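Q: quick one, structure for this:
(one chain, ligands or ions: 1)
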Amino acid sequence: MRRLLLEKWANWRIILASASPRRKALFEPLGLPFEIIPACGPEVQRGETPETVAMNLAEAKTQEVAQLVWAEGRAPDTLVIGADTMVVCETDILGKPVDAADAKRMLARLSGHSHRVITGVSLIARAGDTLYKHGFYESTTVTFHSMTAAEIADYVATGEPMDKAGAYGIQGLGGHFIQGINGDYNNVVGLPMARLHRELMEMVVE
Ligand SMILES: Cc1cn([C@H]2C[C@H](O)[C@@H](COP(=O)(O)OP(=O)(O)OP(=O)(O)O)O2)c(=O)[nH]c1=O
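A: Sure thing, here's the model as predicted:
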C-alpha cells in the first residue's frame, strides 16, 4: 500500500506547510520524502461553518507556501500539504489558548462534555503550468471526564496546553482526562492520516 503511494508521488517535491512537530511525526511513516516549510501568515477565520473555517485556514497555509516556492522560479512538480485543527464546543471554535487563564476557561468548558475536533486539510499540486487543488476535513468526537478546578490548574501548569487547539493534547497528559473518542485519533493530534493517505492515492494530478 505504501509502495503504491511512493510510486505515484516519486517524481514530486513534497512540502508539508507546517511548524507542528505532531504533523511532521504523523506524516513521516508514509515514507514519502518531504520538506517542511511552515506558513507564517496570520490565521484569519473565514467561513460559514467550523468545517469551512478549518478548510479555509488550511488552504491559506498551502497557498502561502506554494506562492513562496513558485516565486523561486522554475520549480519541479510540487505538492504542498497544509492543515488546521480546531476544537468545536457546541458552535464555538476553540483555537490555541492565548494565556493560562484562557486555557483554564477552555478546559472548564470541555470538562464532562463531548466536543468535536475538526482538521481541515488542503492539497495544492502544480505540474508545469497546471494547478490542482483539493480540500477536505475530518471530524472526531472526543468526550472528557469531569475535571476539578484543581486538576485543570495542575494540568495548565505543565505548559502542555499552550500550543494546542482546545488547550489539551490527547497524545500527552491531556489524554488522561479523556473518557472516549469516536473517529480517527490522528485527526485529533493534527492530521487525519488514514483519510490523507486515501486522498493522496486518489488525487488526479495528470
Ligand atoms: C486537540 C489537539 C490539538 N493538538 C495540536 C495540533 C496542532 O499543532 C495544534 C492546532 O493548531 P494549528 O493552527 O492547527 O497548527 P499549528 O499552528 O500548531 O501548526 P501549523 O499551522 O504550522 O501547521 O493543536 C494536539 O497536538 N493534540 C490535541 O489533542
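Q: got a list of contacts for the helix or strand of the chain with the lowest mean pLDDT?
A: When the helices and strands of the chain are compared on mean pLDDT, DSSP states H and E, helix 2-8 comes out lowest with a mean of 90. Residues outside helix 2-8 that contact it (C-beta atoms under 8 Å, 6 or more residues apart in numbering): Leu30, Gly31, Leu32, His197, Leu200, Met201. Where you see a C-beta, it was placed from the backbone N, CA and C, and this is true even at glycine.
Q: which phi and psi does Ile181 have?
A: Dihedral pair for Ile181: phi -130, psi 150, per degrees, to the nearest 10.
Q: tell me, how many residues neighbour the nearest residue to Val65 once chain neighbours are set aside?
A: Closest residue to Val65 apart from its sequence neighbours, by C-beta to C-beta, 6 or more residues apart in numbering: Ala17 at 3.9 Å. When neighbours are defined as other C-beta atoms under 10 Å, Ala17 has 27 of them.
Q: how near is Ala17 to Val69?
A: 10 Å (C-beta to C-beta, to the nearest Å).
Q: joint contacts of these two?
A: Counting by C-beta under 8 Å, 6+ apart, the residues touching both Ala17 and Val69 are Ile37, Val80.
Q: point out where this structure drops to low pLDDT.
A: Filtered on pLDDT under 70, the chain yields the residue ranges 1, 74.
Q: need the helices for it, in chain order.
A: 2-8, 21-27, 50-71, 100-110, 149-156, 185-189, 193-202 (DSSP state H).
Q: okay, these in TSV with distance to Gly82 next?
A: TSV is the format used below for those (distance: least, C-beta to C-beta, whole Å):
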stretch	distance to Gly82
helix 2-8	19
helix 21-27	9
helix 50-71	3
helix 100-110	24
helix 149-156	29
helix 185-189	15
helix 193-202	11
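Q: give me every residue in this structure lying close to the ligand.
A: 18-20, 22-23, 38, 61, 83-85, 87, 96, 117, 164-166, 168-171, 174, 188-190 (C-beta under 6 Å from any ligand atom).
Q: hmm, try it at 5 Å
A: 18-20, 22, 38, 84-85, 164-166, 169-170, 188-190 (C-beta under 5 Å from any ligand atom).
Q: who's in contact with the closest residue to Gly190 other than its chain neighbours?
A: Closest residue to Gly190 apart from its sequence neighbours, by C-beta to C-beta, 6+ apart: Arg22 at 4.4 Å. Residues near Arg22 by C-beta under 8 Å, 6+ apart: Gln171, Val189, Gly190, Leu191.
Q: got a ChimeraX select line for the buried ones in these?
A: To isolate the buried ones among the contacts of Arg22 in ChimeraX, judged by 16 or more other C-beta atoms under 10 Å, type:
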select :171,189,190,191
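Q: wait, which of the contacts of Arg22 is closest to the ligand?
A: When the contacts of Arg22 are compared for distance to the ligand (C-beta to the nearest ligand atom), Gly190 wins out at 3.5 Å.
Q: Ser20 is in contact with that closest one, correct?
A: Yes - counting by C-beta atoms under 8 Å, Ser20 is a contact partner of Gly190 at 5.5 Å.
Q: that older thread, now the buried members of the contacts of helix 2-8.
A: The buried subset of the contacts of helix 2-8 - by 16+ other C-beta under 10 Å - is Leu30, Leu32, His197, Leu200.
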